[in-house]
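Asks: have a look at this fold, sequence not included:
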């Protein structure tokens, strides 16, 4: 693995992280609700995923 | 009444014509700018393999006899990638919202168009209803949205194969796909 690959961010247009929540359990619960909703309604639709890799240094 | 397509659950490691995979990814774009790499993928919930069975089996058979330690090795049946096409939820496609997560809206199909698609008279689409016991809703293959995935990727993700169309059924799909590709668009008269 190349040490230059320090930051790997995966953006999924189906999921948005709630940065205001301080509670881990709330976050887990919220994300579960999001995915439950997705699975119940939209699980069989095409999605776009974007993977960003930030090179650091030289 | 629509034909019920017969499927089989294969346990082998070969990719077959008519295999239906879930969650196949198509690498859409890759850019590098100011030290940041960005890879964009399309993730298709269900896709069908359209590459012909003889090409796939010949490839596998040939690889079985290759000594990869001896270079260069002979590999006449080498395949760069396999042809695939997405299977869309029929109701989503009829409603024109099957690509809504890509911010793409399609035409809503009226009852006459739906009837045409369901009876496989529209060259672009292939309508599939599966035999009882298969947990798949009616689907539509959109031949215009064909894409490719490397053989290596498919073999690595063979566990993502959920079922395979049985012979004759798979050939009926690929024959219609080849017919779709062989259309000749004639220029329209200038107005």
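Replies: Yep, it's here. Worth saying up front: this structure is predicted, and the values here are computed from it rather than measured.
Asks: can you pull out the strands in chain B?
Replies: All strands of chain B, identified by DSSP state E, fall at B:4-5, B:7-8, B:19-33, B:36-49, B:82-89, B:125-130, B:139-142, B:147-149, B:161-165.
Asks: which one, of those, ends up nearest to residue B:59?
Replies: strand B:82-89 (9.8 Å; Cβ to Cβ). For every residue, glycine as well, the C-beta is placed using N, CA and C.
Asks: what distance separates the closest one from the centre of its chain?
Replies: Relative to its chain's centre, strand B:82-89 lies at 3 Å (Cα atoms, centre = their mean, to the nearest Å).
Asks: list of residues touching it?
Replies: A:44-46, B:15, B:20-21, B:24, B:44-51, B:56, B:98, B:128, B:137-143, B:145-151, B:154, B:177 (Cβ atoms under 8 Å, 6 or more residues apart in numbering or on different chains).
Asks: try it again with 6 Å
Replies: A:44, B:44, B:46-51, B:98, B:137, B:139-141, B:143, B:145-147, B:149, B:151 (Cβ atoms under 6 Å, 6 or more residues apart in numbering or on different chains).
Asks: turn the strands of chain B into JSON lines, columns for mean pLDDT.
Replies: What follows is those, written out as JSON lines (pLDDT from 0 to 100):
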{"stretch": "strand B:4-5", "mean pLDDT": "94"}
{"stretch": "strand B:7-8", "mean pLDDT": "95"}
{"stretch": "strand B:19-33", "mean pLDDT": "93"}
{"stretch": "strand B:36-49", "mean pLDDT": "94"}
{"stretch": "strand B:82-89", "mean pLDDT": "97"}
{"stretch": "strand B:125-130", "mean pLDDT": "96"}
{"stretch": "strand B:139-142", "mean pLDDT": "97"}
{"stretch": "strand B:147-149", "mean pLDDT": "97"}
{"stretch": "strand B:161-165", "mean pLDDT": "96"}
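Asks: now mean neighbour count and distance to residue B:76 too, for those strands, in JSON lines please.
Replies: JSON lines is the format used below for the strands of chain B (neighbours: other Cβ atoms under 10 Å in any protein chain shown; distance: least, Cβ to Cβ, whole Å):
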{"stretch": "strand B:4-5", "mean neighbour count": "18", "distance to residue B:76": "33"}
{"stretch": "strand B:7-8", "mean neighbour count": "17", "distance to residue B:76": "29"}
{"stretch": "strand B:19-33", "mean neighbour count": "16", "distance to residue B:76": "23"}
{"stretch": "strand B:36-49", "mean neighbour count": "20", "distance to residue B:76": "21"}
{"stretch": "strand B:82-89", "mean neighbour count": "23", "distance to residue B:76": "17"}
{"stretch": "strand B:125-130", "mean neighbour count": "21", "distance to residue B:76": "31"}
{"stretch": "strand B:139-142", "mean neighbour count": "23", "distance to residue B:76": "30"}
{"stretch": "strand B:147-149", "mean neighbour count": "18", "distance to residue B:76": "20"}
{"stretch": "strand B:161-165", "mean neighbour count": "20", "distance to residue B:76": "26"}
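Asks: switch these over to TSV; also include distance to residue B:60.
Replies: Shown next, in TSV, are the strands of chain B (distance: least, Cβ to Cβ, whole Å):
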stretch	distance to residue B:60
strand B:4-5	25
strand B:7-8	18
strand B:19-33	13
strand B:36-49	14
strand B:82-89	12
strand B:125-130	26
strand B:139-142	25
strand B:147-149	16
strand B:161-165	15
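Asks: out of those strands, which gets nearest to residue B:102?
Replies: strand B:36-49 (7.5 Å).
Asks: so what touches stretch B:4-14?
Replies: Against stretch B:4-14 from outside (Cβ under 6 Å, 6+ apart): B:60, B:128, B:129, B:130, B:131, B:134, B:158, B:163, B:164, B:165, B:166, B:169.
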